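J.: Got a sequence here, can you build the structure:
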Amino acid sequence: MSRVFANDLAARFAEAGVKITVEQWRALLPAYKTEGLTQGRLCDMLSQEKTGVSRLVAALEKHGLLRREADKDDRRVKCIYITGKGRELVDFTMDIVLESREALVRHVDPENLAVCKRVLWEILEPHLDEACCMRNKSC
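T.: Now for the predicted structure:
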């Protein structure tokens with residue numbers, strides 16, 4: 001499902017002239033919601049390794065959508081801030097993302113979709129703390 005959603009969203013982004021990848025958009029969203037997010041926390045949120053997240057952040061920084069700053073208490077820690085341009089992009093793309101999600105599940109019975117979401121959450125939820133702890137060692 002993740003690939004189907006990403007492919008659909010990538011096509012919609014291209015059609016709308018959005019010049020970032022779906023993966024980059026996924027990295028931009030937490031910075032939109034949380035000012036001063038550390039790269040380590042972003043690793044946790046994206047379930048990705050430190051090097052991959054660093055590349056994503058660097059690309060977003062190059063596009064002028066994010067900026068990195070050293071933490072005031074620990075200069076080794078990098079904090080991420082979304083720029084005005086980044087905020088505008090998220091605002092512009094949010095409707096595209098919601099339309100994509102709705103289109104993919106439009107034909108699914110709402111009760112069946114609710115059951116699917118509940119079952120997937122029941123599988124995922126017990127592993128969240130353990131997975132976050134394991135990733136913290138590498139991020």
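
J.: Give me the pLDDT value at Pro126.
T.: For Pro126, the pLDDT comes out at 85.

J.: what's Lys72 sitting at in phi/psi?
T.: Main-chain torsions, Lys72, degrees, to the nearest 10: phi -70, psi -30.

J.: With Leu28 instead?
T.: Main-chain torsions, Leu28, degrees, to the nearest 10: phi -70, psi -30.

J.: Distance check, it against Val115.
T.: Between Leu28 and Val115 the computed distance is 31 Å (CB to CB, to the nearest Å). No exception for glycine: its C-beta is placed from N, CA and C like everyone else's.

J.: so after the one helix or strand Ala59 maps to, what's the next helix or strand?
T.: Taking DSSP states H and E as the criterion, Ala59 maps to helix 50-62. Going down the chain from helix 50-62, the next helix or strand is strand 66-70, by DSSP H and E.

J.: and that next one, which strands flank it?
T.: strand 78-82 (antiparallel) (DSSP bridges).

J.: Report the angle between the helix or strand just after the strand it pairs with and strand 66-70.
T.: Counting by DSSP H and E, the next helix or strand C-terminal to strand 78-82 is helix 84-105. Interaxial angle, helix 84-105 versus strand 66-70 (axes from the mean of the first three to the mean of the last three CA atoms, to 10 degrees): 120 degrees.
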